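A.B. asks: give me coordinates for this.
(one chain, ligands or ions: 1)
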Amino acid sequence: MKPKAQLTFSLFDEIPEIKTSNSQVKINKTKFLEFAQQLKTSSTLLILRNKIIEIKNILLNSTINSDLIVSSAKTNSETIEFNQACLLEDLNQIKDSLTLERAIYYVERLEKGVTSVKTSDINNINLNRWKEYDDILTDSLWLLDKRDSSGVHSAGYWGNFIPQIPNQMMKRYTKKGEWVLDTFAGCGTTLIEAQRLGRNCLGIELQANIAEKATGFISAEPNRYSTTWKIFNDDSTNTDYKSALESLRIKSVQLVIMHPPYFDIIKFSDDLRDLSNAASVDSFLSMLKNVAANAASVLDKGRYLILVIGDKYAGGDWIPLGFLAMNEILNLGFSLKSIVVKNFEDTTGKRSQKDLWRYRALAGGFYIFKHEYIFILKKK
Ligand SMILES: C[S@@+](CC[C@H](N)C(=O)[O-])C[C@H]1O[C@@H](n2cnc3c(N)ncnc32)[C@H](O)[C@@H]1O
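C.D. replies: Next comes the predicted model:
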């Protein structure tokens, strides 16, 4: 029989922390709050520290039988789930406090993470447990070494973005059940991610065959939150959003994602309405502005528009397409919240082409593009 752990005040030898994984631990909420209460009524820092060591040992040693830990089979509404590494970090912070007052302050903070949820108006991130969101990026430089190719995602459509972009944006700027609009849906990367994250999504794509392909991909992805999605085969410079939204029985969207052609870097079709066929940079920018203005008309005030775009060279000069496009959108009544610079590796480039570009860069005094931008703009 396993020894029953006692929540006594005796000093345990601390078990070395070898578990540093992202594993989750299920805990009985009532027992946990009782334990927090015991901590708060400790008369000395030493007593409090010993209790923390005791609970850490229970967490780290599965052979100690304690009714604090819930087995997966017994999970119910009384159960709370913690990221084990984060919980241990919080317990260490309490244990290492220099005063009893400080330790109790940290205990109260931990208690809050269990008893209340604090979210903003634009996402489901529980700020009382913010340390557990280590999957969410908050730096403005993203060096991602590989694309998420799980499920139906594939790199097969030349010019699609990596799923991590819409994934991060939807987690930061939408709540579950809200609506996302992708004005350049391509093969449906945003819609696939939206479905996985429990967000509804509509996408606009000019090329009929690509819209059809995207529909096939999205349908093949399991829809475990029963979300709604639809791809419209249309020109996003003048999509009739009123009727599109009416057909979906919604009045507005809560996030817009725009991943346009980077002007003529990749020619997507022969259609003159395709932004990759714009006659000049100015005409590209004017088409892009129309797309943004049209989408902004159905975006809720205070919500976000994400523009993903890179720069280009023309006639030996760097054309700052990203910043020019950003300016067009700022002029529509948006404020700039952040600019993320993201790396990209040209996977399709042959070694010989890479060498040629390197030679040209050395000879011509320029740099080879290895980054693109994610502009995060807020509707005023
Ligand atoms: C950079 S790709 C977007 C890729 C998409 N993010 C994905 O992951 O598949 C740009 C897409 O915009 C489409 N497009 C270009 N002009 C358009 C327009 N006026 N209306 C709607 N789609 C357009 C192109 O056909 C292309 O599929």
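A.B. asks: packing partners for the host helix or strand of Arg49?
C.D. replies: Counting by DSSP states H and E, the element that carries Arg49 is helix 45-60. Applying 3 or more CB pairs under 8 Å, 6 or more residues apart in numbering; DSSP states H and E, we find helix 45-60 packed against helix 29-40, helix 84-95, helix 100-115. From N, CA and C alone the C-beta is placed, and that goes for glycine too.
A.B. asks: list the buried residues in that helix.
C.D. replies: 45, 48-60 (16 or more other CB atoms under 10 Å).
A.B. asks: from the ligand, how far out is Ala155?
C.D. replies: 10 Å (CB to the nearest ligand atom, to the nearest Å).
A.B. asks: neighbours of the closest residue in space to that residue that isn't next to it in sequence, how many?
C.D. replies: Nearest non-adjacent residue to Ala155, counting by CB to CB, 6 or more residues apart in numbering: Arg147, 6.1 Å away. Residues lying near Arg147 (other CB atoms under 10 Å) number 19.
A.B. asks: what pLDDT does Arg147 get?
C.D. replies: What the model reports as pLDDT for Arg147 is 86.
A.B. asks: I figured Ile218 was touching Thr189, is that so?
C.D. replies: No: using CB atoms under 8 Å, Ile218 makes no contact with Thr189, being 9.8 Å away.
A.B. asks: more crowded one of these two?
C.D. replies: The neighbour comparison of Ile218 against Thr189 (other CB under 10 Å) goes to Thr189, with 30 against 24.
A.B. asks: how close does the closest residue to the ligand within the stretch 51-200 of the chain sit to Thr115?
C.D. replies: Here the stretch 51-200 of the chain gets closest to the ligand at one residue, Gly186, 2.4 Å apart by CB to the nearest ligand atom. Applying CB to CB, to the nearest Å, the value for Gly186 to Thr115 is 44 Å.
A.B. asks: these two touch, right, Lys166 and Glu193?
C.D. replies: Check again: residue 166 is Pro, not Lys. Yes: here Pro166 reaches Glu193: they are 4.5 Å apart, a contact under CB under 8 Å.
A.B. asks: quick check: mean pLDDT of the strand or helix carrying Ser352?
C.D. replies: Taking DSSP H and E as the criterion, Ser352 maps to helix 351-364. Averaging pLDDT along helix 351-364 gives 87.
A.B. asks: convert the C-alpha atoms of the following helix or strand past it to CSV, please.
C.D. replies: Helices and strands here follow DSSP H and E; after helix 351-364, the next one along the chain is strand 371-379. Provided in CSV are the C-alpha atoms of strand 371-379 (Å, rounded to 0.1, in the frame of the first residue of the first chain):
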residue,chain,number,x,y,z
HIS,A,371,12.2,38.2,-43.4
GLU,A,372,8.6,39.4,-43.7
TYR,A,373,6.3,41.5,-41.6
ILE,A,374,3.2,40.9,-39.5
PHE,A,375,1.5,44.3,-38.9
ILE,A,376,-1.0,44.3,-36.1
LEU,A,377,-3.5,47.1,-36.5
LYS,A,378,-6.4,48.1,-34.3
LYS,A,379,-9.6,49.6,-35.7
